[in-house]
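> Got a predicted model here, sequence first, then my questions.
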Amino acid sequence: MDVTQAIDLRRAYRSLEPVVIAEDLIRDLAHHAQLAPSCNNNQPWRFVFVFAPAKLEEMKTALNSGNLWAHSASMMIAVFSRKEDDCVIKDREYHQFGCGLAAAFLILRATELGLVAHPIAGYSPKKTKEILGIPEDYQVIALIIVGKKALGLNPVLSEKQTAQEQTRPERFPFEKYVFLNGYSTPPSV
């Protein structure tokens, strides 16, 4: 599978079935995340890979009600960093950008391996830090829910989530997000 195929296949599925999580898989995903670019090669990202059943149960209490589907996760990955670990140029804090790149690399590698790696924002950062022992000065940027795509639909999905599960949500047209040589010049259609 090449990068284009991984990008095309990547989906934020919510209907998951269990998959075996081994340390080799964690090392593989972490290695690919580590290869992401970062400001001055600071590599500000940190990850906690949660796969022990008791710890996964505890992590469920950090999720909001819209993420009940994530209770089927075989693994949750906390992505976190702090601004002190990366470039800060005037008011630009690059640690979040670096974490986003590393998470994207990890997600694409998981896709290549036939897994679903679904990033979410619907969780309590405070509770996540408490459960995982993440120091207070770090910012939890995302949780990535990992499993294998199930053949059937998860019964806890809302109507909207069910629709998104069956058809890739529509993407903006090119002209809405691309500008040429300045914000006021959209590409010609």
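Good, I have the coordinates. Numbers count the residues shown, from 1 in each chain.
> can we go C-alpha only for contacts and neighbour counts from here?
Noted.
> so the residue nearest the centre of the chain, which of the three states?
Of all residues in the chain, the one closest to the mean position by CA atoms, centre = their mean is P119, 2.9 Å from it. When classified by DSSP: H, G, I helix; E, B strand; the rest coil, P119 comes out as strand.
> Quick check: it touching I145?
Yes - shown here, P119 and I145 form a contact pair, counting by CA atoms under 8 Å, at 6.1 Å.
> which residues does the residue nearest to the centre of the chain contact?
Going by CA atoms under 8 Å, 6 or more residues apart in numbering, P119 touches 12, 142-145.
> and these, which are buried?
12, 142-145 (16 or more other CA atoms under 10 Å).
> helices or strands up against the longest strand belonging to the chain?
Identified as the longest strand of the chain according to DSSP state E is strand 139-149. Where contact means 3 or more CA pairs under 8 Å, 6 or more residues apart in numbering; DSSP states H and E, strand 139-149 is packed against strand 16-17, strand 75-81, strand 116-120, helix 125-132.
> let's see 7 Å
Applying 3 or more CA pairs under 7 Å, 6 or more residues apart in numbering; DSSP states H and E, we find strand 139-149 packed against strand 16-17, strand 75-81, strand 116-120.
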